[in-house]
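In: Build me a structure from this.
(one chain, ligands or ions: 1)
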Amino acid sequence: MNLTVTGTIGIDTVVTPNGEHRENILGGSGVYFAAAAGLYTPVGMVAAVGDDFPPEFAEQIAGLTGVDTTGLETRVGSKTFRWGGKYLDDMDHRETLFTELNILIEDPPPVPGAYVDCPVVFLANGHPGVQHGFASKFLKSRLVVADTMDLWIETARAELEVLLGDVQGLVLNYDEAEQFTGQRNSVTAGRKLLEYGPRFVVVKKGEHGAILVHRDGIAALPAYPAEIVVDPTGAGDSFAGGMMGSIAAEMARGGAAADDPAGFETVRRAMAHGTVVASFTIEQFSLGRLGSLSREELDARYHEYMHMLRLE
Ligand code: AMP
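Out: Numbers count the residues shown, from 1 in each chain. Below you'll find the predicted structure:
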């Protein structure tokens, strides 16, 4: 396995500003991440659901390109994580309507033996204590990157600070970087976060792109100028999936990332893949678009995006 992720599998309710909403759709940080990363490289997913988890969602996950589900556990007597969010008019900001942690407050699922030699590990949104415990199982890891969000900054800050001392990278939203550091400026916030230990921080700014604050430099990438924005849920997780999946794939090929997986140029290149894959996620609710995306469609948009970035 080139890449392993732990994160949530969720049953989501999403409300968008044009009045459209969906109840009980497949979501979760681990799901969006794996769906994106699997387009680049084989990815093992470790997560647990309760016995209320619809079998058609389990089939959907199992059918995703490149996703290995050996690490998925269905726990009898437990309930699946549920989350509801409502987007504000700009589609970039959202309110959490409810979070039902359910299975997330129980013991985390075990890591399959076949995954423990994995070189690249992603800790998708989840409790920082669980993220840390998970990372500690991978004795041969060369790149460990974490994501986090408002709930965990609010409720588990101390554990988050400890986690940051043990990862090479952190990805988080602009608002969350401000919440954590008290700094509104993304570069200043990123630099503050580097003080906790990581080599790089990626600050995601929705339709305004993403900023890389790395010990070796600063970079900025615009978002792909998307015309279809139906549901931004999972954009951040799939951004991370494209980013980490492309790094793990490059390492497996013996490319530049194999020498220094957290290097400035490697992460910068990988962010372009994250940007492009996220632009598909938002075209439909849930995995409506991302889940059936082909590598050809992804590559075509990547080349179009690269062309847009080129200055004569
Ligand atoms: P994103 O839009 O990339 O931030 O990801 C949204 C997804 O993360 C949704 O599908 C939710 O099920 C999941 N999610 C929401 N809140 C949390 C949380 N506190 N921890 C882990 N996953 C969450």
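
In: And Asn173, how far from the ligand?
Out: Relative to the ligand, Asn173 is positioned 7 Å away (criterion: C-beta to the nearest ligand atom, to the nearest Å). For every residue, glycine as well, the C-beta is placed using N, CA and C.

In: er, Asp68 actually
Out: Distance of Asp68 to the ligand, given as C-beta to the nearest ligand atom: 20 Å.

In: Name whatever forms a beta bridge with that residue.
Out: Each beta-bridge partner of Asp68 is listed here, defined by DSSP bridges: Gly44.

In: mind showing which ranges of the stretch 1-150 of the chain have poor pLDDT?
Out: Filtered on pLDDT under 70, the stretch 1-150 of the chain yields no residues whatsoever.

In: Quick one: the helices in it, in order.
Out: Using DSSP state H, counting those that start in this stretch, the helices assigned to the stretch 1-150 of the chain run over residues 29-37, 55-62, 128-135, 150-155.

In: among those helices, which is the most enclosed?
Out: Stretch with highest mean neighbour count among these: helix 29-37 (a mean of 33; mean count of other C-beta atoms under 10 Å).

In: Report the inter-axis angle for that helix versus helix 55-62.
Out: 40 degrees (axes from the mean of the first three to the mean of the last three C-alpha atoms, to 10 degrees).

In: Can you list the neighbours in contact with helix 29-37?
Out: With contacts defined as C-beta atoms under 8 Å, 6 or more residues apart in numbering, helix 29-37 is touched by 3, 5-10, 43, 45-47, 61, 64, 66-67, 122, 124-126, 147, 233-234, 237-242, 244-245, 248, 274, 277-278, 281, 287, 290-291.

In: before we move on, the earlier item: quick one: which of the helices of the stretch 1-150 of the chain is nearest Ala258?
Out: Ranking the helices of the stretch 1-150 of the chain by proximity to Ala258 (C-beta to C-beta) places helix 29-37 first, at 17.5 Å.

In: Do the closest one and the ligand come into contact?
Out: Yes - judged by C-beta under 6 Å from any ligand atom, helix 29-37 comes into contact with the ligand at 29, 32.

In: ok, back up a step: can you flag the buried ones in the contacts of helix 29-37?
Out: Among the contacts of helix 29-37, the ones that count as buried by 16 or more other C-beta atoms under 10 Å are 3, 5-10, 43, 45-47, 61, 64, 66-67, 122, 124-126, 147, 233-234, 237-242, 244-245, 248, 274, 277-278, 281, 287, 290-291.

In: hmm, back to that, among the contacts of helix 29-37, which are located in strands?
Out: Using DSSP state E to define strands, the subset of the contacts of helix 29-37 located there is 3, 5-6, 10, 43, 45-47, 67, 122, 147.

In: Just give me the closest of the residues you listed to Lys205.
Out: Using C-beta to C-beta, Asp147 is the member of the ones in strands among the contacts of helix 29-37 that sits closest to Lys205, with 14.8 Å.

In: Which strand residues bridge that closest one?
Out: The residues listed as beta-bridge partners of Asp147 by DSSP bridges are Val171.

In: so how far is the ligand from the closest residue to Gly197 other than its chain neighbours?
Out: In this structure, Gly197 finds its nearest non-sequential neighbour in Gly165, 4.1 Å apart by C-beta to C-beta, 6 or more residues apart in numbering. Going from Gly165 to the ligand by C-beta to the nearest ligand atom gives 21 Å.

In: Pretty sure Gly165 sits against Leu193.
Out: No - using C-beta atoms under 8 Å as the test, Gly165 is too far from Leu193 to be in contact (11.6 Å).

In: what residue lies at the spatial centre of the protein?
Out: Asp237 (2.6 Å; C-alpha atoms, centre = their mean).

In: show me the contacts for that one.
Out: Contacts for Asp237 were tallied using C-beta under 8 Å, 6+ apart; they are 7, 29-33, 36, 124-125, 147.

In: Include distance to Ala189 when you put those into JSON lines, please.
Out: Below are those laid out as JSON lines (distance: C-beta to C-beta, whole Å):
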{"residue": "Gly7", "distance to Ala189": "23"}
{"residue": "Ser29", "distance to Ala189": "21"}
{"residue": "Gly30", "distance to Ala189": "26"}
{"residue": "Val31", "distance to Ala189": "28"}
{"residue": "Tyr32", "distance to Ala189": "24"}
{"residue": "Phe33", "distance to Ala189": "23"}
{"residue": "Ala36", "distance to Ala189": "25"}
{"residue": "Ala124", "distance to Ala189": "21"}
{"residue": "Asn125", "distance to Ala189": "18"}
{"residue": "Asp147", "distance to Ala189": "15"}
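
In: and the closest residue in space to Ala37 that isn't next to it in sequence, what is it in contact with?
Out: Nearest non-adjacent residue to Ala37, counting by C-beta to C-beta, 6+ apart: Gly245, 3.4 Å away. When contacts are counted by C-beta under 8 Å, 6+ apart, Gly245 touches 3, 36-41, 43, 66, 273.
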